[in-house]
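Enquirer: Here is the input, now give the coordinates:
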Amino acid sequence: MTERHLGDGAIRRSSLYGSSTENTYAGALSFMRRNYTRVLDGVDVVVSGIPLDLATTFRPGARFGPAAVRAASVQLAELNPYPWGFNPFDDLAVTDYGDCWFDAHNPLTIKPAIVEHARTILRSDARMLTFGGDHFITYPLLIAHVEKFGKPLSLIHFDAHCDTWADDSPESLNHGSMFYKAVKDGLIDPAHSVQVGIRTWNDDFLGMNILDAAWVHDHGPRAAIERIVSIVGERPAYLTFDIDCLDPAFAPGTGTPVAGGLSSAQALAIVRGLGAVDIVGADVVEVAPAYDHADITAIAAAHLACDLLCLWREKKVRLL
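Expert: Numbers count the residues shown, from 1 in each chain. Below you'll find the predicted structure:
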């Protein structure tokens, strides 16, 4: 489904479905050339960015992540995604909502601004695919998703870090403690949640199921998929992918890199195998392009996001 006009489909395409003809190296840089719009009628998935990096504990720069992922996605809009072999936008109505606005100079207003951003989108019954920004953004996103889908949700969390270090300050901005808060707040059920790729230590993982990086290297993606599906079951799940789950060889452009992580191939294989899981929302976070080389981190993030869209397209087609 290609419209007659050439170029700038993000602002010229009239339909939410299909694709237009683009030069990969030019034009309006929405994610995968989807329509830039805040009209939510008839939308299946809303892509948006949250350019926050005030919660980082090491290197800043993830505020530029959403723009980098959008720019890296242009080549993915040229051909049918591999290995799916279909254009997800023939069946899935996806729009790019732009970025969440918040006042970076009034930090205590940031969390409620993100919650309200998500509430506005979720009221339309569209799914959210969100680009960070640092990983703190998942906490307010979970608040809004729990309001929509009920508590607690299962969490599928790809990361080098568990992000469950203790933090009992209700107003803190910290990308290493938001899942501690999420467990304490009852937003997620640790017994039916899983953290993949972990390779940092915490004395108390709060009952989360851990498939650390060494486990994935030893057992492989297929075993990881089977374990994730057995843990989550049919429960609604939120998927969050911190790009530092990948080894720095595959994702140097991030704020807190840790050696020994997953390869891009391992991570993509696992995500592609999660079709049996009811993923109600997802994010890809912590891309910091200032530390990247040849855009390889942003490219990996864009591929992961594309695969998540393909999973949602597969689910929609199955339910038709």
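
Enquirer: immediately after the worst-scoring helix or strand of the chain on mean pLDDT, which helix or strand?
Expert: Ranking every helix and strand in the chain by mean pLDDT, DSSP states H and E puts strand 2-6 at the bottom, with a mean of 63. Going down the chain from strand 2-6, the next helix or strand is helix 9-12, by DSSP states H and E.

Enquirer: Report the buried residues of that next one.
Expert: 9-10 (16 or more other Cβ atoms under 10 Å). Quick note: C-beta positions are derived from backbone N, CA and C, even for glycine.

Enquirer: C-terminal to that helix, which secondary structure element comes first?
Expert: Immediately after helix 9-12, counting by DSSP H and E, sits strand 19-21.

Enquirer: How far does that next one sit from its chain's centre?
Expert: Computed by Cα atoms, centre = their mean, to the nearest Å, the chain-centroid distance of strand 19-21 equals 24 Å.

Enquirer: Adjacent strands (with direction) for it?
Expert: strand 2-6 (parallel) (DSSP bridges).

Enquirer: where are the low-confidence patches of the stretch 1-150 of the chain?
Expert: 1-5 (pLDDT under 70).

Enquirer: which residues in it form strands?
Expert: In chain order, the stretch 1-150 of the chain shows strands spanning 2-6, 19-21, 35-36, 45-50, 94-99, 127-132, with DSSP state E, counting those that start in this stretch as the criterion.

Enquirer: Dump these into JSON lines; add mean neighbour count and distance to Lys316 as well.
Expert: Shown next, in JSON lines, are the strands of the stretch 1-150 of the chain (neighbours: other Cβ atoms under 10 Å; distance: least, Cβ to Cβ, whole Å):
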{"stretch": "strand 2-6", "mean neighbour count": "11", "distance to Lys316": "21"}
{"stretch": "strand 19-21", "mean neighbour count": "19", "distance to Lys316": "17"}
{"stretch": "strand 35-36", "mean neighbour count": "22", "distance to Lys316": "18"}
{"stretch": "strand 45-50", "mean neighbour count": "25", "distance to Lys316": "9"}
{"stretch": "strand 94-99", "mean neighbour count": "22", "distance to Lys316": "11"}
{"stretch": "strand 127-132", "mean neighbour count": "26", "distance to Lys316": "10"}
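
Enquirer: Mind putting the ones you listed into JSON lines with distance to Thr256?
Expert: Listed next are those as JSON lines, based on distance: least, Cβ to Cβ, whole Å:
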{"stretch": "strand 2-6", "distance to Thr256": "42"}
{"stretch": "strand 19-21", "distance to Thr256": "36"}
{"stretch": "strand 35-36", "distance to Thr256": "31"}
{"stretch": "strand 45-50", "distance to Thr256": "18"}
{"stretch": "strand 94-99", "distance to Thr256": "23"}
{"stretch": "strand 127-132", "distance to Thr256": "13"}
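
Enquirer: Let me see the contact set for Arg235.
Expert: Arg235 sits next to 153-154, 189, 192, 278 when contact means Cβ atoms under 8 Å, 6 or more residues apart in numbering.

Enquirer: Val284: what secondary structure?
Expert: When classified by DSSP: H, G, I helix; E, B strand; the rest coil, Val284 comes out as strand.

Enquirer: Mind listing the residues bridging to it?
Expert: Checking Val284 by DSSP bridges, which sets the bridge assignment, gives partners Phe131, Phe241.

Enquirer: I figured it hits His135, correct?
Expert: No - between Val284 and His135 there is no contact under Cβ atoms under 8 Å: 10.4 Å.

Enquirer: So for the two, which sits in the more crowded spot?
Expert: Neighbours were counted for Val284 and for His135 using other Cβ atoms under 10 Å; His135 has more, 30 against 26.

Enquirer: where does the residue nearest to the more buried one when sequence neighbours are not counted land on pLDDT?
Expert: Computed as Cβ to Cβ, 6 or more residues apart in numbering, the closest residue to His135 that is not its neighbour in sequence is His175, at 4.2 Å. You'll see His175 listed with a pLDDT of 96.

Enquirer: And the helices in the chain?
Expert: 9-12, 65-72, 110-122, 138-149, 178-184, 213-232, 264-272, 296-319 (DSSP state H).

Enquirer: any chance of those in JSON lines, with distance to Ser19 too?
Expert: Shown next, in JSON lines, are these (distance: least, Cβ to Cβ, whole Å):
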{"stretch": "helix 9-12", "distance to Ser19": "7"}
{"stretch": "helix 65-72", "distance to Ser19": "16"}
{"stretch": "helix 110-122", "distance to Ser19": "23"}
{"stretch": "helix 138-149", "distance to Ser19": "28"}
{"stretch": "helix 178-184", "distance to Ser19": "36"}
{"stretch": "helix 213-232", "distance to Ser19": "29"}
{"stretch": "helix 264-272", "distance to Ser19": "21"}
{"stretch": "helix 296-319", "distance to Ser19": "13"}
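
Enquirer: Could you pull up the contacting residues of Val287?
Expert: Val287 makes contacts with 62, 64-65, 68-69, 131-132, 243, 253-254, 297-298, 301, as judged by Cβ under 8 Å, 6+ apart.
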